[in-house]
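A.B. asks: Next input, structure requested:
(4 chains)
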2 protein chains.
Amino acid sequence: MSINADTKDRILATARELFHGRSYADVGIKEICTLANVQKGSFYHFFPSKQDLAMAVIDDMSDDWAQGFVAEAFDEALPPIERLDYMVDAIYYWQKAAKSAEGRMPGCLFGNLALEVSTRDEVLRARLNAVFDKASASFHKALEQAVELGEMPPLDTAATATAMLAYLEGVILLAKTRNDPEVVRILGPAIKSIRIELRHPN
Amino acid sequence: MSINADTKDRILATARELFHGRSYADVGIKEICTLANVQKGSFYHFFPSKQDLAMAVIDDMSDDWAQGFVAEAFDEALPPIERLDYMVDAIYYWQKAAKSAEGRMPGCLFGNLALEVSTRDEVLRARLNAVFDKASASFHKALEQAVELGEMPPLDTAATATAMLAYLEGVILLAKTRNDPEVVRILGPAIKSIRIELRHPN
DNA sequence: AGTATATTAGACCGGTCGGTCAAGTCAAGG
DNA sequence: CCTTGACTTGACCGACCGGTCTAATATACT
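C.D. replies: Just a heads-up that it's a prediction; the model follows:
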């Protein structure tokens, strides 16, 4: 039981790293197997298809995020607005570390996959969409609390939360294209300036 | 001369459509040739490699943009801030039209390619980066004029311009993942709320 | 011990990939 | 008329793709 779990985890971890560092299409199952020290037959014992592997990778990373620094950043002990800065900082240091390790800024796995596969694979698209919804919910909660505490004037918290997530993804996209994490540090904090007013504030 | 130019243009137009609608890796040269009614040998007469084709597609699209609705949106006759709304509207209608034609929101060709290839292909990455720089410059000019005209309080126009571009790309990314152009219409206008203050406003 | 089951091993499959190449077609210029 | 060089044709290449399959092996239960 520990052996197979280990094998599956090794596949998952390797796939995640490769998908994140390159792309879905560019990484073959053979390469994943070689790097994970697993044979093809074993791979297809655990994952029925490459698509299923991708699903598992998305879920895996999403869980790690939720339990990792997203949980830290959106800790309710922090003042709501500081959570946004925490999130930006976390992304900055992460991407910076990844770049000095691999030489390239990998960007956001979810964003990368979303743009690559969402015109071609409904199942993966839906999954990625759910990940974004979940992320947006964290922003939403923080904004609601910020308004409640009077730290922010009232606004359309749901729309603004999504807008903030979009901004982060956009900043990461640009930073990756420049291959320069500093873009995140410089542009990131402006996330706090984004506002969408209430439609009918009567 | 008209024949060969036609062939090259047909390849370019077909490749652009396919790359935009799907992805770089997912579209093969054979498919492009078939759809463009061109033989493989002819293809390689005009383009030394798939990478060269991608470069040409990027340049082609970039030119069309610059001469097309980017030129319209950033027309100096328009009040600077209205140019931002014009840009958002243009993207919205474009994506909406594309979706009703193909069933899927293709998103931004440059953003798509950037996330897909920039960890793997320095040449394409640099080209895409240049496209973004050029786009950012349009925003920059608009912001400078807005400040000059007193329509906006002073701010770090260069950084804010890049932030606005990032925001747009992020909004398109999210909209594509949702496969819903309405995201652009709802989140887009908040581009005007983004601000990065001057570092040393003393 | 014996048997069922989960896992591993790795050869193998048809198909596609980007790219090459030799043999031509064709129009323009001398 | 003949040569030149741009363009086209389509067969061909080795490599790799995702995925299958059979046989061997480790593990778990009775």
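
A.B. asks: A:K30 - how many residues pack around it?
C.D. replies: 10 (other CB atoms under 10 Å in any protein chain shown). For the C-beta atoms, the positions are set from N, CA and C on the backbone; glycine is no exception.

A.B. asks: Next one: the closest residue to it other than its chain neighbours, what pLDDT does it get?
C.D. replies: Residue nearest to A:K30 in three dimensions, not counting chain neighbours: A:K40, with 7.0 Å by CB to CB, 6 or more residues apart in numbering or on different chains. Looking at A:K40, its pLDDT stands at 96.

A.B. asks: Could you list the low-confidence segments of chain A?
C.D. replies: A:1-5, A:200-202 (pLDDT under 70).

A.B. asks: What count of nearby residues applies to whichever residue of it sits closest to chain B?
C.D. replies: Closest contact between chain A and chain B, by CB to the nearest CB, is at A:G170 (2.6 Å). Around A:G170 there are 26 other residues, counting by other CB under 10 Å.

A.B. asks: show me what contacts A:M61?
C.D. replies: A:R16, A:H20, A:L109, A:F110 (CB atoms under 8 Å, 6 or more residues apart in numbering or on different chains).

A.B. asks: which one of these has the most neighbours?
C.D. replies: That'd be A:F110 among the contacts of A:M61, by other CB under 10 Å, with 23 neighbours.

A.B. asks: Remind me which helix or strand that residue belongs to.
C.D. replies: Assigned by DSSP states H and E, A:F110 belongs to helix A:109-117.

A.B. asks: how many other residues sit next to A:T177?
C.D. replies: A:T177, neighbours per other CB under 10 Å, totals 27.

A.B. asks: Quick check: the closest residue to it other than its chain neighbours vs A:A175, distance?
C.D. replies: Nearest non-adjacent residue to A:T177, counting by CB to CB, 6+ apart: B:A114, 4.3 Å away. Per CB to CB, to the nearest Å, B:A114 is found 11 Å from A:A175.

A.B. asks: same thing with A:D60?
C.D. replies: 24 Å.

A.B. asks: more neighbours, those two?
C.D. replies: With neighbours defined as other CB under 10 Å, A:D60 and A:A175 compare such that A:A175 has more, 27 against 15.

A.B. asks: Quick one: classify whichever residue of chain A sits closest to DNA strand C as helix, strand or coil.
C.D. replies: Using CB to the nearest atom of the strand, A:G41 is the residue of chain A that sits closest to DNA strand C, at 2.4 Å. The three-state label given to A:G41 by DSSP: H, G, I helix; E, B strand; the rest coil is helix.

A.B. asks: Any idea how many residues pack against it?
C.D. replies: 8.

A.B. asks: Wondering if the longest helix along chain A reaches chain B at all.
C.D. replies: Secondary structure assigned by DSSP state H gives helix A:122-148 as the longest helix of chain A. Yes. With CB under 8 Å from any CB of the partner chain as the criterion, chain B is reached by helix A:122-148 at A:R125, A:L128, A:N129, A:F132.

A.B. asks: correct me, but the second one touches A:A114?
C.D. replies: It stands for A:L128. Yes. Contact criterion CB atoms under 8 Å: A:L128 and A:A114 qualify, at 4.6 Å.

A.B. asks: Between the two, which contacts overlap?
C.D. replies: Common neighbours of A:L128 and A:A114 (CB under 8 Å, 6+ apart) are B:T177.

A.B. asks: all helices in chain A, in order from the N-terminus.
C.D. replies: Going by DSSP H, chain A shows helices at A:2-21, A:29-36, A:40-46, A:50-67, A:69-73, A:80-102, A:109-117, A:122-148, A:157-178, A:182-187.

A.B. asks: Quick one: distance of the fifth one to the chain centre.
C.D. replies: In terms of CA atoms, centre = their mean, to the nearest Å, the centre of helix A:69-73 is set 12 Å apart from its chain centre.

A.B. asks: Among the residues of helix A:122-148 next to chain B, give me the pair with the biggest separation.
C.D. replies: Within those, A:R125 and A:F132 form the most distant pair, 10.7 Å apart (CB to CB).

A.B. asks: Find residues that contact each of those two.
C.D. replies: Contacts common to A:R125 and A:F132, judged by CB under 8 Å, 6+ apart, are A:A114, B:T177.

A.B. asks: who touches A:L84 in this structure?
C.D. replies: Applying CB under 8 Å, 6+ apart, the residues near A:L84 are A:F139, A:A142, A:M164, A:I191, A:K192.

A.B. asks: Let me know the closest of those to A:P48.
C.D. replies: The closest of the contacts of A:L84, once distances to A:P48 are taken by CB to CB, is A:F139, at 34.7 Å.

A.B. asks: burial count for the residue nearest to that closest one when sequence neighbours are not counted?
C.D. replies: The spatially closest residue to A:F139, leaving aside those adjacent along the chain, is A:A161, at 3.7 Å (CB to CB, 6+ apart). A:A161 has 22 neighbours, counted by other CB under 10 Å.

A.B. asks: just checking, A:A161 touches A:A135?
C.D. replies: No. Using CB under 8 Å, A:A161 makes no contact with A:A135, being 9.1 Å away.

A.B. asks: For burial, what's the neighbour tally of the residue in chain A that DNA strand D sits nearest to?
C.D. replies: Residue nearest to DNA strand D within chain A: A:G28 (2.9 Å; CB to the nearest atom of the strand). Applying other CB under 10 Å, we find 11 residues neighbouring A:G28.

A.B. asks: can you check A:S62 too?
C.D. replies: Other residues close to A:S62 by other CB under 10 Å number 19.

A.B. asks: contacts for the helix holding A:F110?
C.D. replies: With CB under 8 Å, 6+ apart, helix A:109-117 has contacts from A:16, A:19-20, A:23-25, A:54, A:57-58, A:61-62, A:106, A:124-125, A:128-129, A:131-132, A:169, A:172-173, B:23, B:25, B:107, B:111-112, B:115-116, B:173, B:176-177.
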